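> After the sequence you'll find the predicted model.
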Amino acid sequence: MSAVSDRNDGHEELRKAVRAFLKNASPSSEVRRLMATAEGYDPEVWRRLADELGLVGLIVPERFGGAGAGAAELAVVMAEMGRTLLCSPYLSSAVLAPAVLLESGDEAACAALLPGIADGSALATLAVAEDNADIRDFDAIRTTARADGDRHLLHGTKERVSDGCTAGLLLTVARTDKGLSLFAAEPEGAEREPLPVLDPTRKLARVGFDGTPARLIGAEGAAAAVLGRALDLGTVALAAEQTGGAERCLELSVEYAKTREQFGRPIGAFQAIKHKCAELLHEVESAKAAAQDAARLWSDPTTGEQGLAASVAGAYCSEAYVHAAAETIQIHGGIGFTWEHDAHLYLRRARSSALLLGSTSWHLERVAEDIGLVPTA
Amino acid sequence: MPSATAQDTGTPSARRAHWSVRLAEFLDAHAGRPPRDKTERLAWARAFHAELQETGLAAPGWPTEAGGMGLDLADQIAYHQQMTAVRAPKHPCGLSFIVAPTLIKHGTAEQKKRFLRPLLRADEFWCQGFSEPDAGSDLTSLTTRAERAGDEYIVNGQKLWTTMAHLADWMFALIRTGPAGPGGAGISYLLIPMKSRGITVRPLKDISGGTHFSEVYFDDVRVPVENLVGEEHGGWAIARTSLGHERATAFLSDEFRFRRVVNELHRLAKTSGAANDPLVRQDLARIEASVRVLASNSRRALDAVLQGRDPGPAASVNRLVRAEFDQRLHEVALRVLGPDAVLGQREPTAPEGGRWTYGYLMSRSSTIGAGTAEIQRNTIAERVLGLPSGRKQA
C-alpha cells in the first residue's frame, strides 16, 4: 500500500466514500444523542462501518480477516471521522488494539483475536496509563502480573481507558519479574467504571484489576517497544483525526464570517477576523502535511524516522486543533459559547485528544531525543 | 552523486542524465570554499554563475528559447538538490529572478536578447523599483511618473526600500503613466538604467547597521520608449509574472537552507550545553518540528504539481509560514546563545562571529519585505477562503 504514484486517486475515492457515509451516520444530532449515552456509540453504525465499508479491519492484514491497508489509508479515514466527531470505538478497537497485537508478533494471539476485531464483532481496547501519569510514561506503570499456572493474575488500576466499559477484550500492560509485558484479559474479571470526562464524544473508563486472569501476549518483558510502536501508530491516526476536526472548525468559522453582519458588513471583511481565518488555514494546511507525512513514513521503515514523524505530527496537530477550536468559538462570539453550537464539542475533543496518546511536551521531548539533543548522562 | 544515478533509471530522456552528469562535473570543478573577503566573494559568485551560464547549466526552469534548461519540475527539484548539496554559491542578485519571468513572458525579442544573458551570468544586477514613500502595501497608489516626450519617457519621483540599488545596473520599475484607477490602472513597467543622468541613489542604513537598501530619486530621467515592457499603462498586471512552477520550486532553496541552519543551531546547542535546559530543548524541538512541517507542506504542494493538480492552499500559505519560521528560529537561537546573545558582531568573542544576532535582526524584515505578513493574510483570506474584501471600493 505504499505506492506513491497512485495513492491520491485511491485515497480520494476512500475519502469520498467515508465522507458520504458519515454525512448520514454522524450528523451533529447523532453525536449529541450518543455522547449522552453510556455506550457512546451506535452499534448499527459500527456494524455498517465493518460490513459495508470494511473500515473496522482496515489495518488488519488479510490473513487475519482485515483489509491489509496502511497508515496512509487509515489517516484518510480518521480525518473524516474527526470532521464529524464520530462517536465510535474506532481508535481503540480498530487502531490501538490491532496495532499492539500485530506489534507483539504473537501469531497465535493474532489468529485468535484479530478476526473478531476486524469484522467488528469484538470490541477491544488498550489499557496503559495509570494514576495521573502520561500514557507514554511507562515507568509509572505499577500494575503487576503474577504467573498462575498457564495464565497470569493482574493487580492494579488503569486510568482513562478509551471505551473501557464497552470493550469485550482488554489488552493491557503489567509488570512481571521480566519487566513490562502485554496481556489480554476478559472484562468480566475486571472492575470497570465510566469516567465523567471533558470530551463526552470519546468514552473513557477506569479499569481495576484485582486478581483478574489474563493471557500473556508476545514475549514476557518485551512490551515496552511493542507498546511504543502501537501508541505511535495511534498517534499518527489521531493526528489525522485532529486535522479533520481542525479543518471542519475552519470551515465553520469561514462560513460564519461570510454571513454574520455587524457594522453593516460581513465580519469576515474585518482584518481582525480575516487574519484569524488565514492563520487557521496556515495551521490546518501544515497539520495536514505533517499528518500525511507521518502516515507516509509509517509504511516506509527505511527512514528510521517513524517515531520522530509521529511525534512531530502529534505535537503539531494537537496544538493546531486546540487553536482552531478555540478560535472558532471566538469568531462566533456569543453563539460560539452556547451549548447548542458545536464549537464546544470540537474544543472538548481537541483538548482531550491533545493528551490522549502523549502530551505535547512528551512528543517534543521525544523529538529532541531523536535528534540527539537530550544529554545521555 | 545519488541524484544523477536515480534519474538514469526509467526516464525516457537521455538529456536528463546528461544535464545532471554535466552539472556534477561542473560543480566538481567550480564549487569550493567561498573567499572570506566580501568583495572577493561577490566576484567569485559572479564568475561561478557566468561559467554556469556559459556551460548551459543555468536557469533550470526557464524555457530553452529564453536561455534556460527547460527542465520539468521533477528535474528542477533534483537540480536544486544537487546545487545545495555542494553549497554552490547563490546567484548574487536574487532580484533578477523577479524581472526575468516578466521579460520572458512579456518582453520584446530585443529585450530578451539584450537582458536575459547578462542577467543570468550576473554580469548585470537588477533592483526593483516598486515601493515609494506613500505607496507601500497600497502599491497601486504610487506616484513616480513618466511623461512621454517623442521616443523617450521622462521620469520624476522617488522609490524607497530599493534593495541593491547601490550595486544595480538596471531597475525594473512600476511608473505612473496615466491616471490612477481600479486594478492598477495607469501604471507601466519600465526598465531604467541606473547610470542614467538624474538618478540619485541614497543608501539607507538598515536595522543591522549595514546597507542593503536605498532611496532612489528621479529628476527628469530620460528612458527610451523601447524600455517599456508590455503595454503602456499595462504594467500592474505583468509585475508579478511567474513561470510555471516557479512558486513551487522557489521554496526549495529556502527549505534546504532552513534545514542546514537548524542543524547548525542544534550543533551549537549541544556544544554549548544549552540543550541541557529542558525549556530551551522544548523550543529547539518545536523548531525541529516546524522545519519538518515546512518540508512536509512543500512536499505536499510539489506532489500535487507533479501529478498535474493544483497545489491548492498549501502553496499560498508557504511564504507566510517561512517568514514567521525564520523569526522564530532566530528567537530560539538567541535563547540558545544565553547571555552572549547581547554581544555585537564586532566583539571577537561573540558566538559564531555574531551571525545569530545579525540573523535575528535581519529576520525582522521577512514579514515586511515583498508584502507584509498582514497583506499576505488578507490575500489568503480573500483569495483562498473567499472572505469579502475590506478595501475601500473605488
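Received, thanks.
> So which residues on the stretch 201-350 of chain B come close to chain A?
B:266, B:269-270, B:275-276, B:278, B:281-282, B:284-286, B:288-289, B:292-294, B:296-297, B:299-300, B:303, B:307, B:309, B:313-314, B:317, B:320-321 (CB under 8 Å from any CB of the partner chain). To be clear about C-beta, it is placed using only N, CA and C from the backbone, and glycine gets the same treatment.
> just so I have it, where are all the helices in the stretch 251-377 of chain A?
Taking DSSP state H, counting those that start in this stretch as the criterion, the stretch 251-377 of chain A carries its helices at A:271-298, A:306-332, A:343-356, A:360-370.
> tell me the mean pLDDT for the helix or strand where B:L174 lies?
Applying DSSP states H and E as the criterion places B:L174 in strand B:170-181. Mean pLDDT, strand B:170-181: 96.
> I'd like to know which elements it is packed against.
helix B:96-106, strand B:126-129, strand B:145-149, strand B:152-163, strand B:185-193, helix B:235-238 (3 or more CB pairs under 8 Å, 6 or more residues apart in numbering or on different chains; DSSP states H and E).
> Just the CA atoms of it, as PDB, please.
C-alpha atoms of strand B:170-181 as PDB (Å, rounded to 0.1, in the frame of the first residue of the first chain):
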ATOM      1  CA  TRP B 170      19.200  48.300 -14.000                       C
ATOM      2  CA  MET B 171      16.000  48.900 -12.300                       C
ATOM      3  CA  PHE B 172      12.700  47.300 -13.200                       C
ATOM      4  CA  ALA B 173      10.100  49.900 -12.100                       C
ATOM      5  CA  LEU B 174       6.400  50.500 -11.800                       C
ATOM      6  CA  ILE B 175       5.800  54.000 -13.000                       C
ATOM      7  CA  ARG B 176       2.700  56.000 -13.300                       C
ATOM      8  CA  THR B 177       1.900  56.900 -17.000                       C
ATOM      9  CA  GLY B 178      -1.800  57.500 -16.600                       C
ATOM     10  CA  PRO B 179      -4.400  58.400 -14.100                       C
ATOM     11  CA  ALA B 180      -4.900  56.000 -11.100                       C
ATOM     12  CA  GLY B 181      -7.900  53.700 -11.200                       C
END
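> May I see the buried residues of it?
Residues of strand B:170-181 classed as buried by neighbour count (16 or more other CB atoms under 10 Å in any protein chain shown): B:W170, B:M171, B:F172, B:A173, B:L174, B:I175, B:R176, B:T177.
> and the angle from it to helix B:96-106?
60 degrees (axes from the mean of the first three to the mean of the last three CA atoms, to 10 degrees).
> How far does strand B:170-181 sit from its chain's centre?
Distance of strand B:170-181 from its chain centroid, counting by CA atoms, centre = their mean, to the nearest Å, is 22 Å.
> Ok, stretch B:351-370 next?
Chain-centre distance of stretch B:351-370: 16 Å, with CA atoms, centre = their mean.
> which SS class is the residue nearest the centre of chain B?
For chain B, B:G94 is the residue whose C-alpha lies nearest the centre (CA atoms, centre = their mean; 4.8 Å). Classification of B:G94 using DSSP: H, G, I helix; E, B strand; the rest coil returns coil.
> Surely A:T212 is in a strand?
Yes - under three-state DSSP, A:T212 falls within a strand.
> In the stretch 201-350 of chain B, where is pLDDT below threshold?
Within the stretch 201-350 of chain B, the stretches with pLDDT under 70 are B:244-248, B:250, B:312, B:314-315.
> quick one, helices of it?
Taking DSSP H, counting those that start in this stretch as the criterion, the stretch 201-350 of chain B carries its helices at B:235-238, B:246-272, B:278-306, B:313-337.
> can you put these in TSV and add mean neighbour count?
Converted to TSV, the helices of the stretch 201-350 of chain B look like this (neighbours: other CB atoms under 10 Å in any protein chain shown):
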stretch	mean neighbour count
helix B:235-238	19
helix B:246-272	17
helix B:278-306	21
helix B:313-337	20
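> Let's have these in JSON lines, adding distance to A:L356.
Listed next are the helices of the stretch 201-350 of chain B as JSON lines, based on distance: least, CB to CB, whole Å:
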{"stretch": "helix B:235-238", "distance to A:L356": "51"}
{"stretch": "helix B:246-272", "distance to A:L356": "29"}
{"stretch": "helix B:278-306", "distance to A:L356": "19"}
{"stretch": "helix B:313-337", "distance to A:L356": "27"}
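> Relative to B:T84, which of the ones you listed is closest?
Closest approach to B:T84 among the helices of the stretch 201-350 of chain B is made by helix B:246-272 (4.1 Å; CB to CB).
> now the angle from the closest one to helix A:360-370?
Using the same axes, to 10 degrees: helix B:246-272 against helix A:360-370 is 80 degrees.
> what's the angle from helix B:246-272 to helix B:313-337?
Using the same axes, to 10 degrees: helix B:246-272 against helix B:313-337 is 20 degrees.
> Output the contacting helices and strands for helix B:246-272.
By 3+ CB pairs under 8 Å, 6+ apart, helix B:246-272 packs against helix B:73-85, helix B:278-306, helix B:313-337.
> Isn't A:L126 up against A:L96?
Yes - if you go by CB atoms under 8 Å, A:L126 and A:L96 touch, sitting 4.2 Å apart.
> Distance of the residue lying closest to B:N276 once chain neighbours are set aside relative to B:I287?
Ranked by CB to CB, 6 or more residues apart in numbering or on different chains and with sequence neighbours excluded, the top spatial neighbour of B:N276 is A:P375, at 5.3 Å. Relative to B:I287, A:P375 is positioned 18 Å away (CB to CB, to the nearest Å).
> what do you get for B:D326?
11 Å.
> what does A:L102 give?
Distance from A:L102 to B:I287, by CB to CB: 34 Å.
> Next, A:F183: secondary structure please.
Going by three-state DSSP: A:F183 is strand.
> Can you tell me the closest non-neighbouring residue to it?
A:A214 (3.9 Å).
> Same check on A:R151?
A:P213 (5.1 Å).
> Can you tell me who B:I175 pairs with across the strands?
Counting by DSSP bridges, B:I175 forms beta bridges with B:S188.
> which residues does it contact?
B:129, B:142, B:144-146, B:153, B:155, B:157, B:187-190, B:235 (CB atoms under 8 Å, 6 or more residues apart in numbering or on different chains).
> close enough to count as contact, B:L387 and A:K274?
Yes - shown here, B:L387 and A:K274 form a contact pair, counting by CB under 8 Å, at 5.4 Å.
> Quick check: neighbours shared by the two?
By CB under 8 Å, 6+ apart, the residues touching both B:L387 and A:K274 are A:A257, A:G268, B:A381.
> Now the buried members of the residues you listed.
Looks like these have A:A257, A:G268, B:A381 buried, using 16+ other CB under 10 Å.
> out of those, who's nearest B:H166?
Of all those, B:A381 has the smallest distance to B:H166: 37.0 Å, by CB to CB.
> got a pLDDT number for the residue lying closest to that closest one once chain neighbours are set aside?
Once flanking residues are discounted, B:A381 sits nearest to A:K274: 3.9 Å by CB to CB, 6+ apart. Listed pLDDT for A:K274 reads 97.
> Assumed A:T125 was part of a strand.
Yes - counting by three-state DSSP, A:T125 is located in a strand.
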